[in-house]
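>>> requesting a structural model of the entry that follows:
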Amino acid sequence: MQSLLKNRKVPLLYIIEILLFVFITILAFNPSIWADEVFSMDIIKRPYSEIIDFTASDVHPPLYYFILKIFVDIFSFSNISAIYVGKIVSIIPLALTVFYLGKKVRDNFGFLCSAIFSICVICMPKMIDYALEIRMYSWGLFFVTASFLYAYDIITKKTVLSWIFFTIYSLLAAYTHYFSLISVAVIYVYLFIVCIRQKQLIKWLICSAVTVIAYLPWLMVVIKQLAVVSADYWIEPITFRTIINYVIFPFREWGSRLGYIPAVFLIFVFLVVLILGIKKTIKINKNLSQKTVYIMMGFVVLISTVLIGIIVSFIMRPVFVERYMVPALGCFWLCFAYFLSLLKDKKRLFSVISAVVILLSLFNTAVVAKNEFEILNGFKKYDSVLQSIDDNDIIITNSSHIRGATTYYRNMKCYLWDPNNDYVPNALYKANSVTVNNFDTIQDWAKNNKTIWYFENDNTNSLIESCYNDNELTSEFIGNYKLEFYRINLYEIKSN
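The predicted structure follows:
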């Protein structure tokens, strides 16, 4: 009877998951993107050899861009359709995590654990956000989680095939993001300890050697990138508040105004589940079982990744931001799902916690949907103005991020107002973006009856202030616009 019930539940779970992915896919048809996504869309217009060169000069490995380029080249026919394809490409690894890896979770840890894992991976904070972003984080999540699950196969089945899959997914993670590399490195260390006890050390050494050799082609690039990062990098110094944000990040949906309240509540729920789950398994086994230690490593992988990021940031310079935690979140939510599934015998407690998880999942999903629709409406308003600008007009902005988006949506030159002349040009934007740091140049444009549009993201290096102090130019405020999280004031600058 129990088996029959489970067989009925599995299709129902699949139906719910499919409906959620249909909903997420609908959200993907939003053409609004921010600066990092613009970078992704611009870089894949280059040949594969140039992608390697550009990523070598940036701070990420190239695998994600290869994946993105393949899909966009096949399925897109315009800049806007390429955005839709790019977002769907980021949904694919989330679907693989839920359906493909979810089956492995069910086979190893039971249906209930798999169901909770699926809900968390789809609906917990940040999951949909990064499944809709044209970046590598959802792919890092899939590869790291796959590596972690095949590590369990190595421990329990000890087959050569498990080692092969573990090595492949670990390498894919390493070539996707450097903090994915750190996450799988933590898994390697854990496996090293286990393999000593299980007398599998030779297999571990072979696997490690293959991984290192396969990563050697990119290792020299990593060394060069470390030199660049140590000299100058955009990430702000880590403070106490930054560390608090690391703790909150997996539990808080960024778009909610009251996001800290459910985040703190969810942290409390996680700690309760973790403590009670460990307590129960010790009671059953009289000590920590091999399975329990493995599951706890899901939490350790996340914590270790953050700690290593913090340590490197203090030793060298800041290199870690919250979103670099995303690849390790699959391991983290597997830990939560397993320990919650252990509490099923405590029916009242389990029902309450499950209800909380489901309600918070619905809340997070609703917040994401609301944010996406607001972003879409903001984009429509912004794009209507941008498309109304004549090709012969002059566009100026004080934001390199706005400049990148403008050149993507409109194939026309966009000037970055840089009176301090401290802008370092990005090779990707050289064709359509240049700097202007001389106010006389703008005066000459206006005298020659050029229509000048100024997209101001903030008051830093404000061109409008210069216009106020000048007798030859005047500025007319056109309106407020919003692109993603950029707030834009649009002005038309004219000659008096």
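
>>> what's near enough to touch the nearest residue to residue 476 once chain neighbours are set aside?
Setting aside the residues directly before and after it, residue 476 is nearest to residue 492 in space (Cβ to Cβ, 6 or more residues apart in numbering), at 4.7 Å. The way it works is simple: take the backbone N, C-alpha and C, and place the C-beta from them, glycine included. With contacts defined as Cβ atoms under 8 Å, 6 or more residues apart in numbering, the neighbours of residue 492 are 451, 452, 453, 454, 475, 476, 478.

>>> helix, strand, or coil at residue 492?
Secondary structure state of residue 492, per DSSP: H, G, I helix; E, B strand; the rest coil, is strand.

>>> how close does it get to residue 483?
From residue 492 across to residue 483, the span is 18 Å (Cβ to Cβ, to the nearest Å).

>>> also residue 378?
Using Cβ to Cβ, residue 378 is found at 6 Å from residue 483.

>>> okay, these two: which has more neighbours?
Between residue 378 and residue 483, residue 483 has the larger neighbour count (other Cβ atoms under 10 Å), namely 26 against 20.

>>> burial measure for the closest residue to that one other than its chain neighbours, as a count.
Excluding its sequence neighbours, the residue lying closest to residue 483 (Cβ to Cβ, 6+ apart) is residue 382, at 5.0 Å. Residues contacting residue 382 under the criterion other Cβ under 10 Å number 25.

>>> then residue 382 would be within a helix, right?
Yes. Assessed with three-state DSSP, residue 382 lies in a helix.

>>> correct me, but it touches residue 489?
No. Judged on Cβ atoms under 8 Å, residue 382 makes no contact with residue 489 at a distance of 11.8 Å.

>>> shared neighbours, the two?
When contacts are counted by Cβ under 8 Å, 6+ apart, residue 382 and residue 489 are jointly contacted by residue 481.

>>> name the residues contacting each of residue 378 and residue 483.
Shared contacts of residue 378 and residue 483, defined by Cβ under 8 Å, 6+ apart, comprise residue 32.

>>> gap between the closest residue to residue 29 other than its chain neighbours and residue 97?
Sequence neighbours aside, residue 84 is the residue nearest to residue 29 in space, at 5.6 Å (criterion: Cβ to Cβ, 6+ apart). Between residue 84 and residue 97 the distance, using Cβ to Cβ, works out to 21 Å.

>>> those two: who's more crowded?
residue 97 (28 against 19).

>>> my read is that that one contacts residue 121, right?
Yes. Residue 97 sits in contact with residue 121 when judged by Cβ under 8 Å, with a separation of 5.5 Å.

>>> common neighbours of those two, please.
With contacts taken as Cβ under 8 Å, 6+ apart, residue 97 and residue 121 have residue 330 as neighbours in common.

>>> residue 477 in helix, strand or coil?
strand.

>>> residue 481 now?
Criterion first, three-state DSSP; result for residue 481: strand.

>>> thought it was touching residue 382?
Yes. Here residue 481 reaches residue 382: they are 4.4 Å apart, a contact under Cβ under 8 Å.

>>> shared neighbours of the two, which are they?
Going by Cβ under 8 Å, 6+ apart, residues that sit against residue 481 and also against residue 382 are residue 488.

>>> gap between the residue nearest the centre of the chain and residue 338?
Nearest to the mean C-alpha position of the chain, by Cα atoms, centre = their mean, lies residue 137 at 3.8 Å. Summarising the geometry, the distance separating residue 137 from residue 338, computed by Cβ to Cβ, is 23 Å.

>>> cool, residue 367 as well?
Note on residue 367: its distance to residue 338, by Cβ to Cβ, is 27 Å.

>>> compare these two and say which one has the larger neighbour count.
It is residue 338, of residue 367 and residue 338, that has more neighbours when counted by other Cβ under 10 Å, with 27 against 21.

>>> if I pick that one, what's in contact with it?
Taking Cβ under 8 Å, 6+ apart, we find residue 338 in contact with 109, 113, 117, 277, 295, 298.

>>> show me which of these has the smallest pLDDT value.
Least confident by pLDDT among the contacts of residue 338: that is residue 277, with 90.

>>> tell me who's in contact with that one.
For residue 277, counting by Cβ under 8 Å, 6+ apart, the contacting residues are 338, 339, 340, 342, 343.

>>> just checking, the residue nearest to the centre of the chain touches residue 326?
Yes. A contact is recorded between residue 137 and residue 326 when judged using Cβ under 8 Å, the distance being 4.1 Å.

>>> what do these two both touch?
With the criterion set as Cβ under 8 Å, 6+ apart, the overlap between the contacts of residue 137 and residue 326 is residue 130.

>>> pLDDT below threshold where in this structure?
Judged by pLDDT under 70, the chain has its weakly predicted residues at 1-10, 57-58, 226-234, 254-259, 286-287, 421-433, 459-461, 468-471.

>>> let's see that with 80 instead.
Within the chain, the ranges that satisfy pLDDT under 80 run 1-13, 56-59, 222-237, 254-259, 283-288, 316-317, 418-433, 458-473, 495-496.

>>> domain assignment for it?
Following automatic domain parsing, one gets these domains for the chain: 2-377, 389-495.

>>> strands of the stretch 351-496 of the chain, start to end?
Remark: strands of the stretch 351-496 of the chain, listed N- to C-terminal, are 394-397, 414-417, 433-436, 452-456, 473-483, 486-495; assignment by DSSP state E, counting those that start in this stretch.

>>> what lines up beside the fourth one in the sheet?
Same thing as strand 452-456. Here strand 452-456 is paired, per DSSP bridges, with strand 394-397 (parallel), strand 486-495 (antiparallel).

>>> nothing else from me, thank you.
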